[in-house]
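When you get a sec, could you give me coordinates for this:
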Amino acid sequence: MFRFTTVERSDLYGAVLDAFGAAGEHLETALGLDAVRERLRGVGWAAAVEDEELHDALRKLVQWELLDVVHNHAENYRTAEEYERRNLQYSLTRRGEAALAGVRHALEVLASTGALQTAVLEAIADRLDELGLLSGEPAAADRRIFSTLRELEGHLEALVENTKAFNGELQRLLRAEGADLEVFHEVKAATVAYLQEFLVNLDRRGQMVAAAVARVEEQGIALLRERALRGAELPPVAGEDPAAGWLESRRARWAGLRAWFLPDDGSRPRIEQLHDIARRAIVSLLQVLERINESRRRSSSAVQDFRELARWFEAAPAEEDLHRLWSAAFGLGPARHAHLAHPDPELIPSSRSWSEAPPVEVSALLRTSGRTERFTRTARVRDVTAVRAERAERARAQRAELARAWRTLETDGPVRLSSFGALDLAVFDRLLDLLGRALSARPDTDGLRRATTGDGRVEIALAAPADDRTALLRTAKGSLTGPDYVVHIAAAGGADAFGDFPAAQREAAG
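Alright, predicted model coming up:
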């Protein structure tokens, strides 16, 4: 299909297909030789083309099944030359249309840079909300449902394509080593700011779209697609009914939407993966910018120094020179000990040469960190007996208070929450913590929500009330009103104690 792009005179073949594409935009489906030449000038082909060369290009495109040729029997021809020029009419085949669209798409991809557009996320949420409203309207809204669904798919396609293109550019930017540090620094700094702006409220927008998808599916997505099919008003074609293919395409697009915001398999939505990629890219770009700034502050870097030293090694004439260069480069040490003196300098005669004087002791700390050791009196050890006793007493009091709280909350079986009545503030806090853990847990097969305390010693089993009764819990600082749940609080590990919970729940619910 794309053979015309790799052979000789590919530019002429491409221009001819562009000419037919431009004619199709003006609803001209067939072109003769003169019309092709005129359209070539319209698409920017300025070089002269002989008739034989143009005929040969058209024959090649027909041979590759990109063009179709028919004889025009409706014309009246006065001369043989006129018959030769006007008899043959060429038009694009389906393969030709696909090849032309493929080349144009490839050029668009090469010219595009991609973008992260929060406006597209908001547009997707708006179209989903509009679909939810239209699904409740009568059959007259089928055309609007079709147009809204197509707009939604267009926004999703724009989101996917722009995100893929931008991510590709971003990864290439992370791997790039810019020659011009000024431009390199500006591009990466601007990219960091762009990513940070995109990440603002990204989680909220993703959750907003996911909630809109769930609302539309609750109203019946299959029925919505059927109504959109009626609103599409597909033309009749010979052979297979196009409705099945159209519906399958809509299902595939909706599956792609769910993969981005509300996956069926419980995996992470792709919008969250994009969030992670952007954050990692920000960290990587900031690290690169830090290295660039560090290299600017220093007159030379360690990398440049070692590269220069490698060039010196390569240019050394003999092995002895290599050894001398090694000693000069790595045999030197910082003279951090030059300021040190003997403990009692008066014992060293001033007339004695430094080479004959006894050496000065240099500590290992000075060689490793550049600081000398300082010896002072040992600090007095503080007596911590009273502090230890106070902490032990406080710990015992906390354990006793915790034990009293659990004894107060422990139940012999499933009871109503309202049975607790008035509670001490500390006991109330423990109860609230248990209720919060239970309500955040998923119901098991019996419909019970189970949770344990942080230390795993106390377990709660909670069931929703069978009626609309309300529980009132009172404390010294106020009262709490809420559903009158059925709860069972006991020491963890007593799984058998909850075996008859459903029957006991029905008895407690009255």
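
ok, which stretches of the stretch 51-200 of the chain are helices?
51-63, 80-86, 94-111, 118-134, 142-175, 181-199 (DSSP state H, counting those that start in this stretch).

Now mean pLDDT, mean neighbour count and distance to L473 too, for those, in JSON lines please.
Yep, even glycine has a C-beta here, placed from its N, CA and C like the rest. Shown next, in JSON lines, are the helices of the stretch 51-200 of the chain (pLDDT from 0 to 100; neighbours: other C-beta atoms under 10 Å; distance: least, C-beta to C-beta, whole Å):
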{"stretch": "helix 51-63", "mean pLDDT": "81", "mean neighbour count": "15", "distance to L473": "84"}
{"stretch": "helix 80-86", "mean pLDDT": "59", "mean neighbour count": "13", "distance to L473": "96"}
{"stretch": "helix 94-111", "mean pLDDT": "76", "mean neighbour count": "14", "distance to L473": "63"}
{"stretch": "helix 118-134", "mean pLDDT": "86", "mean neighbour count": "19", "distance to L473": "40"}
{"stretch": "helix 142-175", "mean pLDDT": "82", "mean neighbour count": "17", "distance to L473": "48"}
{"stretch": "helix 181-199", "mean pLDDT": "72", "mean neighbour count": "14", "distance to L473": "42"}
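
between these, which one is nearest to P235?
Nearest of the helices of the stretch 51-200 of the chain to P235, taken as C-beta to C-beta: helix 142-175 at 14.2 Å.

give me phi/psi at R449?
phi -100, psi 120 (degrees, to the nearest 10).

from memory it sits against L462, does it?
Yes: between R449 and L462 there is a contact at 4.6 Å, judged by C-beta atoms under 8 Å.

Identify the contacts common to the two.
Residues touching both R449 and L462 by C-beta atoms under 8 Å, 6 or more residues apart in numbering: A438, L439.

just to revisit the earlier point, closest to R251 out of the helices of the stretch 51-200 of the chain?
Closest of the helices of the stretch 51-200 of the chain to R251 is helix 142-175, at 11.5 Å (criterion: C-beta to C-beta).

Once you drop chain neighbours, what's closest to R144?
Nearest non-adjacent residue to R144, counting by C-beta to C-beta, 6 or more residues apart in numbering: L134, 5.7 Å away.

Quick check: the one you found touching A140?
No: in this structure, L134 is not within contact of A140 by C-beta under 8 Å, at 10.3 Å.

follow-up on the earlier one: so which of the helices of the stretch 51-200 of the chain comes closest to G454?
helix 181-199 (32.6 Å).

Next secondary structure after that closest one?
Using DSSP states H and E, the helix or strand that follows helix 181-199 in sequence is helix 202-218.

Check which residues of that following helix are buried.
For helix 202-218, a neighbour-count test (16 or more other C-beta atoms under 10 Å) marks L202, R205, G206, M208, V209, A210, A212, V213, V216 as buried.

For the closest residue to the fourth one other than its chain neighbours, list the residues it contacts.
Right, the one you point to is M208. Excluding its sequence neighbours, the residue lying closest to M208 (C-beta to C-beta, 6+ apart) is A125, at 5.1 Å. By C-beta under 8 Å, 6+ apart, the residues touching A125 are R205, M208, V209, A212.

hang on, isn't the last one packed against L128?
In this case it means A212. Yes: with contact defined as C-beta under 8 Å, A212 reaches L128; the gap is 3.6 Å.

sec struct for the most far-flung residue of the chain relative to its centre, please.
The outermost residue of the chain relative to its centre, with distances by C-alpha atoms, centre = their mean, is S351 at 76.3 Å. Secondary structure state of S351, per DSSP: H, G, I helix; E, B strand; the rest coil, is coil.

Look at it and report its pLDDT.
Listed pLDDT for S351 reads 73.

Distance-wise, check it relative to H342.
From S351 over to H342 the distance is 15 Å, taken as C-beta to C-beta, to the nearest Å.

And for L322?
Separation of L322 from H342 (C-beta to C-beta): 40 Å.

Low-confidence bits of the stretch 251-400 of the chain, can you list those?
Low-confidence segments of the stretch 251-400 of the chain, defined by pLDDT under 70: 292-301, 331-338, 367, 370, 375-376.

how does it look with 80?
264-267, 274, 277, 281-282, 284-304, 330-355, 361-380 (pLDDT under 80).

So what touches stretch 269-276?
With C-beta under 8 Å, 6+ apart as the criterion, stretch 269-276 contacts 116, 121, 163, 167, 199, 202-203, 206, 209-210, 259-263.

Can you tell me which of those residues is nearest G456?
Checking these against G456 with C-beta to C-beta, the nearest one is D203 at 31.8 Å.
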